[in-house]
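In: Just the structure for this:
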Amino acid sequence: MAILVPASFGRLTVPSRAQVRVRVFASANPRTSVDWVKETSSFFEQDKRPIMLFDGVCNLCNGGVKFVRDHDHNRSIRFEALQSEAGKKLLMRSGRAPDDISSVVLVEKDRSYIKSEAVLKIMKYIDLPFPQLAFFLQFSPLFVRDFLYENVANNRYAMFGRSDSCEI
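Out: Here you go, the predicted model:
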């Protein structure tokens, strides 16, 4: 069974028990499709840990990565810049355009999370008290969480600046 997902699709949910293939079309021509889940499966063959995709030139995002690293004593999350080749492939696996740097993305083997859902999921992986905080924050409506997330994300360069290259 194949699910055809346009590159602009925001969120992809794949049931863990189902055998589902996802195809993301980078162009308008469906004949040039690439199975990005299959194409990026090597990222999860040896290492099952999720991958946090972040804007490598954003000072806020780099600070967030450093914060997660400092509070992830089990090293349960890997990191990749959205601008890297691997980051672009993982973005397409997640149903997003390869040049979309508008959101942090957490890519697990079977599912991807964006915006506030990605932040809450990342909080569940790091040390106390963040999993408990994520538990309570999940009860706030998604549209409210994403509204707040998008306001910060859309103004992150103005508020926190940007660097010329990825510092992580």
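In: Could you give the average pLDDT over the helix or strand where residue 37 lies?
Out: With the criterion set as DSSP states H and E, the secondary-structure element containing residue 37 is helix 36-39. Across helix 36-39, pLDDT averages out at 84.
In: And it, what does it pack against?
Out: For helix 36-39, the contact count by 3 or more Cβ pairs under 8 Å, 6 or more residues apart in numbering; DSSP states H and E identifies strand 21-25, helix 85-93 as packing neighbours. C-betas here are computed from N, CA, C, even on glycine.
In: can you tell me the average pLDDT over the longest one?
Out: Predicted confidence along helix 85-93 averages 94 (mean pLDDT).
In: Determine the number of other residues adjacent to residue 62.
Out: Taking other Cβ atoms under 10 Å as the criterion, the count of residues near residue 62 is 20.
In: just residue 36 next, same as before
Out: With neighbours defined by other Cβ under 10 Å, the count for residue 36 comes to 24.
In: From what I see, it and residue 89 are in contact.
Out: Yes: checked against Cβ atoms under 8 Å, the pair residue 36 and residue 89 is within contact range at 6.8 Å.
In: Distance of the residue nearest the centre of the chain relative to residue 124?
Out: Centroid check for the chain by Cα atoms, centre = their mean gives residue 105 as the closest residue, at 1.1 Å. Residue 105 sits 15 Å away from residue 124 when distances are taken as Cβ to Cβ, to the nearest Å.
In: again, but for residue 51
Out: The span separating residue 51 from residue 124 equals 15 Å under the rule Cβ to Cβ.
In: Show me which of those two is the more surrounded one.
Out: The neighbour comparison of residue 51 against residue 124 (other Cβ under 10 Å) goes to residue 51, with 22 against 15.
In: you'd agree residue 62 is in a strand?
Out: No: secondary structure of residue 62 (DSSP: H, G, I helix; E, B strand; the rest coil): helix, not part of a strand.
In: ok, so what distance separates it from residue 51?
Out: For residue 62, the distance to residue 51 (Cβ to Cβ) stands at 16 Å.
In: Repeat that for residue 92.
Out: Shown here: residue 92 relative to residue 51, a distance of 13 Å by Cβ to Cβ.
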